[in-house]
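Engineer: generate a structure from the sequence data that follows.
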Amino acid sequence: MTKTEEWAFDGQLDATETPTTSPAEERAKIAALFGKPAPEQKASEPIDYAAAFEAHKGKQAPELKAQEQVKREQETPPQTDSEDDITASYKAHLTQLLSGHQLELENYQEQLKQIQQQVSQKETTVKTIKAILMAIDSLN
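Structural biologist: All right, here's what the predicted structure looks like:
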């Protein structure tokens, strides 16, 4: 058996490096990468990212809620207790499924035709190459 050496980490685990540039300099570098002038901002002024995110989220929230509501209305048929309405909505659902499957089937059949054409082209190419090889062999 071989003897294993004990190993211990003797450095600091949560040592953080101090940045060599200020946040304003970092923003200027980023702006330069995108070909824009450096933003005018005081170096001592901290950026409240959480507040900016909430403000941005607040602008998009009404738009998203309206889209979600329209989507829910389209997905859920009106709820009634009548059996005729349930039957009619289920029939409409099945009709919609059937039309979707028929469209998919037509697309698959078209793809199958294209693949069959490619196979027949390759078969003729293979036959031609075989005929050329046989002709070369007969010359020798």
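
Engineer: flag the shaky bits of this protein, pLDDT-wise.
Structural biologist: Low-confidence segments of the chain, defined by pLDDT under 70: 1-3, 9, 11-19, 39, 41-46, 59-83.

Engineer: can you give me the helices for it?
Structural biologist: 23-33, 49-75, 83-139 (DSSP state H).

Engineer: just name the most buried of the ones you listed.
Structural biologist: For these, the largest average neighbour count (mean count of other CB atoms under 10 Å) is found in helix 23-33, namely a mean of 13. Any C-beta I mention is one placed from the backbone N, CA and C, and that applies to glycine too.

Engineer: which elements pack onto that helix?
Structural biologist: Applying 3 or more CB pairs under 8 Å, 6 or more residues apart in numbering; DSSP states H and E, we find helix 23-33 packed against no helix or strand.

Engineer: same list, the helices of the chain, but as TSV with distance to residue 6 please.
Structural biologist: Converted to TSV, the helices of the chain look like this (distance: least, CB to CB, whole Å):
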stretch	distance to residue 6
helix 23-33	42
helix 49-75	44
helix 83-139	64
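
Engineer: nearest to residue 7, of the ones you listed?
Structural biologist: Minimum separation from residue 7 across the helices of the chain (CB to CB) falls at helix 23-33, 37.3 Å.

Engineer: then the closest one to PDB, C-alphas only?
Structural biologist: Extracted in PDB, the C-alpha atoms of helix 23-33 (Å, rounded to 0.1, in the frame of the first residue of the first chain):
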ATOM      1  CA  PRO A  23     -17.900  51.700 -11.200                       C
ATOM      2  CA  ALA A  24     -17.900  54.900 -13.400                       C
ATOM      3  CA  GLU A  25     -14.800  53.700 -15.200                       C
ATOM      4  CA  GLU A  26     -16.400  50.200 -15.700                       C
ATOM      5  CA  ARG A  27     -19.500  51.900 -17.200                       C
ATOM      6  CA  ALA A  28     -17.300  54.000 -19.500                       C
ATOM      7  CA  LYS A  29     -15.500  50.900 -20.700                       C
ATOM      8  CA  ILE A  30     -18.800  49.100 -21.400                       C
ATOM      9  CA  ALA A  31     -20.200  52.200 -23.200                       C
ATOM     10  CA  ALA A  32     -17.000  52.300 -25.300                       C
ATOM     11  CA  LEU A  33     -17.500  48.700 -26.300                       C
END
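
Engineer: I appreciate the help and will end here.
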